[in-house]
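Asker: what follows is a predicted structure for the sequence shown.
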Amino acid sequence: MTAVETIRVLIAKPGLDGHDRGAKVIARALRDAGMEVIYTGLRQTPEMIAEAALQEDVDVVGLSILSGAHMALVPRIREVMDQHDLRDVPLLVGGIIPDEDKAQLEALGVRGIFGPGTNTQDIVTFIRQIAAAKQGD
């Protein structure tokens, strides 16, 4: 990614969680900040998410999980992304994530965890920072 390229972000709703209002708010905020957002819609499998990330050549993957299934879904999504040679694509998680699960998610390679009420500008800034750091690699 060069300095003039638009940051491409995939927003996905894995599993059976049917609540996507937060994902849509984040998608809009990222678009308003000049990023290109690919929203996969509801009830995506880990394989569908990894395939979309690969096909869309995204810089970042953001997962919105409100179902409580994050400890089952995130490891599988990371595994499938790694199988698709997407190890360098940062993975972010938003939703209801208990404090006791955060360290384990970070150990799996999750770069950022954002709970309800996070300021959207903080997420925009974070994504810009990790995209810039990735560009420097």
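Answerer: In hand now; what should we look at?
Asker: can you pull out the helices in this structure?
Answerer: Along the chain, counting by DSSP state H, helices occupy 21-32, 46-56, 70-83, 99-107, 120-136.
Asker: the ones you listed: which one's closest to L92?
Answerer: Smallest distance to L92 across the helices of the chain (CB to CB): 7.5 Å, for helix 120-136. The C-beta positions use only the backbone N, C-alpha and C, and glycine is treated the same way.
Asker: identify all contacting residues around the closest one.
Answerer: 1-3, 7, 9, 25-26, 29-30, 33, 35, 59-60, 88, 90, 92, 94, 111-112, 114 (CB atoms under 8 Å, 6 or more residues apart in numbering).
Asker: now the helices of the chain in CSV, with mean neighbour count, mean pLDDT and distance to S64?
Answerer: CSV is the format used below for the helices of the chain (neighbours: other CB atoms under 10 Å; pLDDT from 0 to 100; distance: least, CB to CB, whole Å):
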stretch, mean neighbour count, mean pLDDT, distance to S64
helix 21-32, 17, 95, 4
helix 46-56, 18, 97, 11
helix 70-83, 19, 96, 10
helix 99-107, 12, 96, 14
helix 120-136, 15, 92, 11
